[in-house]
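Q: coords please:
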Amino acid sequence: MPYRKIFTFTVLFTLAQAASAQDSWDDDEWESDWGAEQDQGIDVYGYVEAAIGGRFEPSPYHKRLSIAEPRLQLGFDERWQNTTWTAKADGWYDGFDETWHGQIRELNAQFTVFDNTDIKIGRQILTWGTGDYLFLNDLFPKDWQSFFVGRDQEYLKAPSDSLRVTSYFDWFNIDFVWSPEFDHDNYIRGERISYFNPLTQQLTGDDPSIQFVEPKRDEYALRLFRNHDGVEYAVYGYDGFTKSPEAVTESFQPTFGRLTVIGASVRMPLGPGLVNTEVANYNRHDGEDHWRALVGYEQELWTRFTGSFQAYVEKGDTQTRTVFTTRLTWRDERDDLSLSLFAFVSPNQNDGYLRPTFDYRIDDNWSFSGGFNLFFRERPETFFGQFTENNNAYLRMRYAF
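A: Numbers count the residues shown, from 1 in each chain. The predicted structure follows:
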């Protein structure tokens, strides 16, 4: 097995070098043969990365290894005929399930009509809202499995196949997103990370007998936003489904409940920092409605050291969940080394999640990253408490080009 992993990494690294070399070869050839036509070449960018990580304790549900993968990402952005074309794709060997995987993360075209409207169509990464790792009005898909095993944080945002229309006016701007097929989160369902199953009232790993029923319908998201005198205002709307299975069918199979969300946010300077507040009403068509709200503040505490704080609450008729978060980040003078700690603590559920990380840039190509995913609890059925068997550490080495 180790020989296959070494071989796999070698192949991906060679492909990355070949892509980089091909890009350079193209530039030289265009310059020598066509002079000014050099700019017509396609600039390919990407990286090759090796990641390894493991759980601190043996798990009855999974192997000790939490992540082991060589990964290659290639992408390009090209403008042609007043249209910007973007493509980005990943290929990797997953040592956890011992399977090759591939994913197109972006494949879209963007152009402008009527002088004030941008249209982006195709696979794309979508995000809005003001929360830091807390999502109230951002109902676009997330990849929580990648987040909790130590992949780069860019993989927390999963792609959507969507049409996005953004129009700009004097008094406000409009963002409209239509996804013809519902995109759920890559949620925790036991294959890689164990969780608390409310139907069986116990922790569980992968259970093939549990069949998740996915809805077959489109979803819509809308944002009206404006920046006035340095203050960002936004109003949001969403019509679709919960992003993880929080309902059951008549035959007691987990499924995604219908959901309509209306919310708003404000972000503005306050003293030496920035304050943000956001609120959202979750209308569950087949369950209990609830409100979500947060307030946050961020400022530079001293040179190259920033701190932020968020207070968050989910309030329904029968349940309330509160969460406090803090992010502390320090960067060295050359911006080569970054140390960060993100902490979630829920005082009324007595659980939490610590996420210390480091990033070290050796030069323009090579970098190292690493960190921990540390959950703690009083009871196993709480939001973070259900993941304590999955505490892990990871390291990543990347060559970017």
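Q: Next up, the contacts around Phe375.
A: Phe375 makes contact with Asp351, Gly352, Tyr353, Phe384, Gly385, Phe387, Thr388, Asn390, Asn391 under the criterion CB atoms under 8 Å, 6 or more residues apart in numbering. Where C-beta positions appear, they are placed from N, C-alpha and C, glycine not excepted.
Q: residues contacting the residue positioned nearest the centre of the chain?
A: Among the residues of the chain, the one closest to the centroid is Leu156, at 1.8 Å (CA atoms, centre = their mean). By CB under 8 Å, 6+ apart, the residues touching Leu156 are Lys142, Asp143, Trp144, Ser146, Phe147.
Q: Let's see the pLDDT reported for the closest residue to the last one other than its chain neighbours.
A: Closest residue to Phe147 apart from its sequence neighbours, by CB to CB, 6 or more residues apart in numbering: Leu156 at 4.7 Å. Looking at Leu156, its pLDDT stands at 96.
Q: Report the distance from stretch 357-371 to the chain centre.
A: Counting by CA atoms, centre = their mean, to the nearest Å, stretch 357-371 is centred 19 Å from the centre of its parent chain.
Q: Stretch 142-156 too?
A: When C-alpha coordinates are averaged (CA atoms, centre = their mean), stretch 142-156 and its chain have centres 6 Å apart.
Q: Start and end of that stretch, how far apart?
A: Between the opening and closing residues of stretch 142-156 there is a gap of 5 Å (CA to CA, to the nearest Å).
Q: Buried residues in that stretch, which are they?
A: Neighbour counts over stretch 142-156 (16 or more other CB atoms under 10 Å) mark 142-152, 155-156 as buried.
Q: can you check stretch 352-369 too?
A: Buried positions in stretch 352-369, judged by neighbour count with 16+ other CB under 10 Å: Gly352, Tyr353, Leu354, Arg355, Pro356, Thr357, Asp359, Arg361, Ser367, Ser369.
Q: out of those, what pair is the most spread apart?
A: Gly352 and Arg361 (30.0 Å; CB to CB).
Q: Parallel or antiparallel, which strands does whichever helix or strand Tyr353 is part of pair with?
A: Element membership for Tyr353, per DSSP states H and E: strand 351-361. With DSSP bridges as the criterion, the sheet partners recorded for strand 351-361 are strand 337-346 (antiparallel), strand 366-376 (antiparallel).
Q: Show me which residues of the first one are buried.
A: It refers to strand 337-346. Buried residues in strand 337-346, counted by 16+ other CB under 10 Å: Ser338, Ser340, Leu341, Phe342, Phe344, Val345, Ser346.
Q: Could you rank the contacts of Phe375 by neighbour count and give me the top one?
A: The most crowded member of the contacts of Phe375 is Phe387, carrying 26 neighbours; neighbours defined as other CB atoms under 10 Å.
Q: Now do the same for the nearest residue to that residue once chain neighbours are set aside: its pLDDT.
A: Excluding its sequence neighbours, the residue lying closest to Phe387 (CB to CB, 6+ apart) is Phe375, at 4.4 Å. The predicted local confidence for Phe375 comes out at a pLDDT of 95.
Q: Enumerate the beta-bridge partners assigned to Phe375.
A: Tyr353.
Q: in which helix or strand would I find Arg189?
A: Using DSSP H and E, no helix or strand contains Arg189.
Q: what's the closest non-adjacent residue to it?
A: In this structure, Arg189 finds its nearest non-sequential neighbour in Phe212, 6.9 Å apart by CB to CB, 6+ apart.
Q: Ok, Arg355 next?
A: Counting by CB to CB, 6+ apart, the nearest residue to Arg355 once its immediate chain neighbours are dropped is Phe342, at 4.3 Å.
Q: hang on, the earlier thing: export the contacts of Leu156 to a markdown table and append columns for pLDDT, distance to Thr112 and secondary structure.
A: Rendered in a markdown table, the data for those read as follows (pLDDT from 0 to 100; distance: CB to CB, whole Å; DSSP: H, G, I helix; E, B strand; the rest coil):
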| residue | pLDDT | distance to Thr112 | secondary structure |
| --- | --- | --- | --- |
| Lys142 | 96 | 29 | strand |
| Asp143 | 95 | 31 | strand |
| Trp144 | 95 | 35 | helix |
| Ser146 | 94 | 33 | helix |
| Phe147 | 95 | 34 | helix |
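Q: Give me the number of neighbouring residues for Gln124.
A: Around Gln124 there are 21 other residues, counting by other CB under 10 Å.
Q: any idea how far it is from Thr112?
A: With distances taken as CB to CB, to the nearest Å, Gln124 is found 16 Å from Thr112.
Q: can you check Asp289 too?
A: Look at Asp289 and Thr112: by CB to CB, they are 39 Å apart.
Q: And the helices in this protein?
A: Per DSSP state H, the chain carries helices over the ranges 2-34, 144-149.
Q: Comparing the ones you listed by mean pLDDT, which bottoms out?
A: Going by mean pLDDT, the lowest-scoring of the helices of the chain is helix 2-34, which has a mean of 45.
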